[in-house]
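>>> I'd like to go over a predicted model; first the sequence, then the structure.
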Amino acid sequence: MNLTREQLLVSYRTMRMIRSFEEKLDELVTAGKLGGFLHLYAGQEAVAAGVCRQLDERDYVSTTHRGHGHCIAKGVRVKAMMAELFGRQTGVCKGKGGSMHIADLDAGMLGANGIVGAGIPLATGAALTCKTKRTGGVAIAFFGDGASNQGQFHESLNMASNWKLPAVYVVENNGWGEFTPTAFVVPVADIAVRATSYGMRSDIADGNDFFDVYEKAGQAIEAARSGQGPTLLECKTYRYYGHYVGDPLNYRSRAEADEWKTERDALVRFETRTVGDGHVESSELRRIDTEVTDELEAAVSEAERDPLPDPAAVLEDVYGQE
Ligand SMILES: Cc1ncc(C[n+]2csc(CCOP(=O)(O)OP(=O)(O)O)c2C)c(N)n1
């Protein structure tokens, strides 16, 4: 393992923050304290954390309708994300974006996206910028198995491979697209094989194993940075909640979910390995759990008190105006 104790603790913190952030949102919506349409990322934490641990400030990320985890892992401020979800002026997009449009260009976060597949060409464009300007940066597109059936996926991979762009396409295969099993709509067992059509690298990671994702993302990012072109990295994982908050989840079996939530859980596996190997102490992880809980409580109470956007500012920061 080439991660220091400090890096391991930061990685655990990222995953714990993502899990607790999503659980807090579920609690707030259920209690009627938060409105809007939310898609939660819990269960898939190792993908966002494992990939983003390999990135730095030169790099870009684009995400999906299920994007809170990628935003947190790329360094978007949690307090500003919470304020955004509450529609407050202090939000990361001044309260005008909400869950599916969180973007923070200073953090290299190109945006969540309500249009399935639409983040893929954005990351491809960012990769073209990195190559043209020789910044040394790479761009990551996170998207789901459903998005890999969209035309934008195929067009982007073709262009990126042909131009050897520094991009990594991370498909999070969580077995479901809305309420439909992936196997019902995707005729290949591994989405990674689609890379062959575009003459590009591919790899498959256990998306619930932080270390496997970290290692394979590292290889893909290194290939991209060194001019070898893009990689399609498939991470096999599972989402804990339904498609959206409020989804009755009556279309998948309890046993299926229980199996992923116990021995395959990303946080449990991280703890078993790092504590078992003597790299970190479980007391350090419990301290992080408490800090994360406190940070989220503070973020919620501040967001609840923060001002709503001024109606006079409705046309600020928009591109199209009369
Ligand atoms: C272009 C487009 N088509 C359909 C939808 C409706 N829709 C929203 S999420 C979703 C499923 C996406 O599945 P996947 O890419 O596997 O991501 P996951 O939700 O599993 O994270 C669909 C069909 C949409 N938002 N945009």
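Perfect, thanks for sending it.

>>> tell me the helices in the stretch 1-150 of the chain, going along the chain?
Counting by DSSP state H, counting those that start in this stretch, the stretch 1-150 of the chain has helices at residues 5-30, 45-52, 68-74, 78-85, 119-133.

>>> so which strand or helix has Leu315?
Under the criterion of DSSP states H and E, Leu315 resides outside all helices and strands.

>>> That one: how many residues sit nearby?
Per other Cβ atoms under 10 Å, the neighbour tally for Leu315 reads 9. For every residue, glycine as well, the C-beta is placed using N, CA and C.

>>> Tell me if the helix or strand bottoming out on mean pLDDT in the chain is near the ligand.
None of the helices or strands of the chain scores lower by mean pLDDT, DSSP states H and E than helix 254-261, at a mean of 90. No - applying Cβ under 6 Å from any ligand atom, one finds helix 254-261 separated from the ligand by no less than 13.7 Å.

>>> Show me the contact partners of that helix.
Contacts to helix 254-261, defined as Cβ atoms under 8 Å, 6 or more residues apart in numbering, come from residues 43, 208, 238, 240, 249.

>>> repeat that for 7 Å
For helix 254-261, contacts defined as Cβ atoms under 7 Å, 6 or more residues apart in numbering pick out 43, 238, 240.

>>> for it, which positions count as buried?
257, 260 (16 or more other Cβ atoms under 10 Å).

>>> Contacts only, for Lys236.
The contact partners of Lys236, taken as Cβ under 7 Å, 6+ apart, are 173, 204, 206-207.

>>> would you turn the contacts of helix 254-261 into TSV with distance to the ligand, pLDDT and neighbour count?
Formatted as TSV, these follow (distance: Cβ to the nearest ligand atom, whole Å; pLDDT from 0 to 100; neighbours: other Cβ atoms under 10 Å):
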residue	distance to the ligand	pLDDT	neighbour count
Gly43	10	98	26
Tyr238	10	97	23
Tyr240	12	96	20
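
>>> Any idea how many residues pack against Arg13?
Residues near Arg13, counting by other Cβ under 10 Å: 18.

>>> Report the contact partners of it.
288, 292.

>>> Would you pull up the residue in the stretch 151-300 of the chain closest to the ligand?
Nearest residue of the stretch 151-300 of the chain to the ligand, counting by Cβ to the nearest ligand atom: Gly177, 3.5 Å away.

>>> That residue reaches Ala147, doesn't it?
No - in this structure Gly177 lies outside contact range of Ala147 using Cβ atoms under 7 Å: 8.3 Å.

>>> Those two: who's more crowded?
More crowded of Gly177 and Ala147, by other Cβ under 10 Å: Ala147, with 25 against 20.

>>> Now that one: closest residue in space, sequence neighbours ignored.
Distance criterion Cβ to Cβ, 6 or more residues apart in numbering; nearest residue to Ala147, sequence neighbours excluded, is Gly117 at 4.2 Å.

>>> returning to that earlier point: how about the helices of the stretch 1-150 of the chain in a markdown table, adding mean pLDDT and distance to the ligand?
Output for these, formatted as a markdown table (pLDDT from 0 to 100; distance: least, Cβ to the nearest ligand atom, whole Å):
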| stretch | mean pLDDT | distance to the ligand |
| --- | --- | --- |
| helix 5-30 | 98 | 13 |
| helix 45-52 | 98 | 11 |
| helix 68-74 | 98 | 10 |
| helix 78-85 | 98 | 18 |
| helix 119-133 | 98 | 10 |
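
>>> Tell me which of these approaches Asp310 most closely.
Among those, helix 78-85 comes nearest to Asp310, with 14.9 Å by Cβ to Cβ.
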